[in-house]
Every structure is written in structure tokens, then in C-alpha cells.
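Trainee: show me the folded form of this:
(one chain, ligands or ions: 1)
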Amino acid sequence: MIVLMQHTLPMSTDTDPDRLDFEKKDEQHLLSLRQISLTFGGLQALTDISVGVSRGLWTALIGPNGAGKTSLLNVICGLYVPQRGEVLLGERRLDGLAVHQRAALGLARTFQAVQLVLEMNVLDNLLLGLHCRGRVGMLGHLVRSPGSRREEGLVREKGMEVLQRYSLDDVWNSPVGELSLWQRKLLELARSVVGDPRLLLLDEPMGGLTMSEREAMAELLHDLRSRGLSMIMVEHDMDMVMTHTDHVLVLHHGRLLAQGSPQEIQANPEVITAYLGE
Ligand SMILES: Nc1ncnc2c1ncn2[C@@H]1O[C@H](COP(=O)(O)OP(=O)(O)OP(=O)(O)O)[C@@H](O)[C@H]1O
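Mentor: Below is the predicted model of the structure:
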């Protein structure tokens with residue numbers, strides 16, 4: 001369940017009762033955003049966003065074009081630094097942590113335009129997901145000690161198991177440049193989860209896919225959620241959002257316009273106006 005924090009963050013001391021109340025709510029959340037504001041020069045991309053995301057849910061982040069959805073994912077994963085506000089994973093404040101440090105704490109991310117190294121083969125691209133998560137010692141690989149070779153063998157074995165799960169084991173040695181869009185989307189998803197993250201941020205994972213591929217992707221995401229992975233997904237396909245996700249956050253002009261179950265969001269007059277007004 002996601003709880004909108006409507007009161008403003010008090011500026012006073014830790015003994016302030018409002019502040020303690022705020023933090024008590026945060027304890028229940030896997031992710032907490034407190035009063036996030038982000039500007040690019042004169043452009044206000046995000047304004048005063050406070051929201052908590054509970055564990056184990058598949059949350060959709062929707063809104064018209066330019067509403068700030070990708071910017072919010074970028075703030076969460078550390079690509080963008082907001083001018084104001086705090087991001088917490090569990091009780092850990094993430095302010096000041098770089099993308100790779102947040103990844104090591106369990107935050108994973110996929111991108112709208114798939115981010116793979118086209119010249120590298122499928123397995124090596126997958127294993128980049130483990131390096132990003134800090135699960136494999138880069139230095140050990142560079143010096144190639146016997147220990148590191150053994151470790152590398154185990155890691156490659158685990159990688160092949162994951163590729164099998166995503167039906168990519170047959171093409172493990174092909175350069176990514178030779179894969180179809182569907183296979184690239186699969187590989188990006190596999191790479192984002194290979195390090196066992198706690199929270200997965202998905203930016204339009206179904207973009208550009210056919211209807212049957214979208215359904216297949218939804219199945220994979222259901223499977224990940226049933227294994228306990230929490231997800232926040234930016235998606236434009238409303239049918240997908242309404243059919244598959246547990247909870248919906250709606251951004252409009254950089255503000256949190258509404259949140260609720262898919263059914264509540266579908267019936268929300270403010271949301272309908274925001275979309276029709278585009
Ligand atoms: N790096 C950037 N530099 C300048 N402006 C940016 C940057 N990133 C985003 N913006 C602006 O911030 C606003 C929100 O953009 P964002 O991409 O987050 O929206 P969105 O909801 O993801 O849109 P879409 O659905 O079209 O992908 C837009 O006006 C966009 O032009």
C-alpha cells in the first residue's frame with residue numbers, strides 16, 4: 001500500500017512530533033520520497049513530491065508526456081540530484097550516494113532506450129549487472145589470480161542459469177547487436193535482476209514491443225513480483241497498467257496528482273481531465 005504524505009516536512013528538531021510521525025510512516029516503506037523538487041535552469045521538472053512505496057508491490061508511475069516520470073526515476077537511482085528533498089531506501093538515506101552505491105544497496109534500473117554494450121556478447125552484458133551491484137570484485141578479474149578465475153567460473157555459471165530463465169542461453173555468445181528488440185529487452189531485464197535487487201525501476205519496459213511480447217513481459221514481471229521483488233514501472237500503455245499493476249502514482253506537470261488502486265485511478269476525475277487536456 002502506498003501512502004501519500006500530505007503534510008509538509010517540518011524544519012524543526014528531531015523531537016518535533018510531526019517529524020516523528022513522518023518517520024514512523026517511512027519505516028513501513030521500502031522507498032520514501034520526501035519533498036522532492038528538481039529544476040533544470042528555469043524549468044521546474046518535479047515539485048514537492050512526498051510519497052512512500054511499500055514492499056512487494058508492482059507500482060505504476062503514469063502521467064502525460066513531460067509530467068516528470070523519467071526524472072523521478074532518475075532522482076531515485078541517483079542520476080539526477082534534486083535541489084530539495086530526500087530519498088530513503090528502507091531507513092537508509094540515499095542523499096549524496098552515487099548510482100553505483102545505490103545499486104549496491106539494492107536499487108536496479110532499466111532504461112527507455114535499452115542500455116547494452118552492442119559489441120559485447122550476451123553473457124558479458126548480463127554479468128555487467130553483477131559488477132554494478134558490487135557482487136564481483138573487478139580488481140580480482142584484472143589481476144586474474146587463481147581465486148578470481150574460480151570466482152569467475154561460478155559467476156559465469158550463475159549467469160548461464162539466468163540466461164536460461166530468460167530463454168537467452170542459446171545466444172549467450174552472440175554480440176548484442178545481433179539480437180532482436182525483444183531479446184534486448186529480455187537481456188536488459190535479466191541484467192537488472194541478476195544481482196538480486198530489492199527495488200527495480202523500469203522505464204517503459206514494454207515500449208516498442210508487439211502485443212504478444214508485451215503480455216510475455218508482463219508475465220515475467222508478475223513472476224519477479226511473486227518472488228518478492230518490488231517494482232516501479234513507468235508505462236504509457238494504460239491497459240497494461242490497469243490490468244497488471246497493484247498501485248498507481250500519477251504525475252502531472254511535475255506534481256503528484258493522484259495515487260490509488262488501478263480502479264480508483266481510472267475513475268478519478270482529476271486524472272481523466274489531466275489526460276484529456278493533453
Ligand atoms: N536532462 C534534462 N535537462 C533539461 N530538461 C530536462 C532534462 N530531463 C528532463 N527534462 C525536462 O523535464 C520535464 C520532465 O521530463 P521527463 O522526461 O521526466 O518527463 P516524462 O514524464 O518522463 O515524459 P515522457 O512521457 O515524454 O517520457 C520535461 O519538460 C523535460 O523536457
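Trainee: center of this protein, which residue is that?
Mentor: By Cα atoms, centre = their mean, the mean C-alpha position of the chain lies nearest to residue 201, the distance being 0.7 Å.
Trainee: quickly find the element holding that one.
Mentor: Residue 201 belongs to strand 199-203 when assigned by DSSP states H and E.
Trainee: that strand close to the ligand?
Mentor: No - between strand 199-203 and the ligand, judged by Cβ under 6 Å from any ligand atom, nothing touches; the nearest distance is 7.9 Å. C-beta: built from backbone N, CA, C; applies to glycine.
Trainee: how about stretch 261-278?
Mentor: No - Stretch 261-278 lies out of reach of the ligand by Cβ under 6 Å from any ligand atom, never closer than 10.6 Å.
Trainee: how much space between residue 253 and residue 81?
Mentor: Going from residue 253 to residue 81 by Cβ to Cβ, to the nearest Å gives 21 Å.
Trainee: secondary structure class of residue 228, three-state.
Mentor: coil (DSSP: H, G, I helix; E, B strand; the rest coil).
Trainee: now do the strands in this protein.
Mentor: 3-4, 29-40, 43-54, 58-62, 84-89, 92-93, 107-110, 199-203, 230-234, 247-252, 255-260 (DSSP state E).
Trainee: circling back to that earlier point, tell me which of residue 253 and residue 81 has more neighbours.
Mentor: Of the pair residue 253 and residue 81, residue 253 is the one with more neighbours under other Cβ atoms under 10 Å, namely 15 against 10.
Trainee: that one and the ligand, how far apart?
Mentor: 9 Å (Cβ to the nearest ligand atom, to the nearest Å).
Trainee: which ones are touching that residue?
Mentor: 47, 67-68 (Cβ atoms under 8 Å, 6 or more residues apart in numbering).
Trainee: once you drop chain neighbours, what's closest to residue 252?
Mentor: residue 274 (4.5 Å; Cβ to Cβ, 6 or more residues apart in numbering).
Trainee: neighbours around the one you found, how many?
Mentor: 20.
Trainee: ok, now how distant is residue 265 from residue 250?
Mentor: In terms of Cβ to Cβ, residue 265 sits 6 Å off from residue 250.
Trainee: residues shared between the contacts of the two?
Mentor: With Cβ under 8 Å, 6+ apart as the test, residue 265 and residue 250 both reach 62, 258-259, 271.
Trainee: which bits of this structure sit near the ligand?
Mentor: Residues of the chain lying near the ligand (Cβ under 6 Å from any ligand atom): 40, 43, 45, 63, 65-71.
Trainee: at 8 Å what do you get?
Mentor: Proximity of the chain to the ligand, by Cβ under 8 Å from any ligand atom, involves residues 40-41, 43, 45-46, 63-72, 74, 80, 112, 203-204, 234, 236, 251, 254.
Trainee: filter those to the buried ones?
Mentor: Burial by neighbour count, judged by 16 or more other Cβ atoms under 10 Å, picks out 45-46, 63-64, 67-72, 74, 80, 203-204, 234, 251, 254 from the residues of the chain next to the ligand.
Trainee: residue 101 touches residue 92, doesn't it?
Mentor: No - look at residue 101 against residue 92 with Cβ atoms under 8 Å: they stay out of range, at 10.6 Å.
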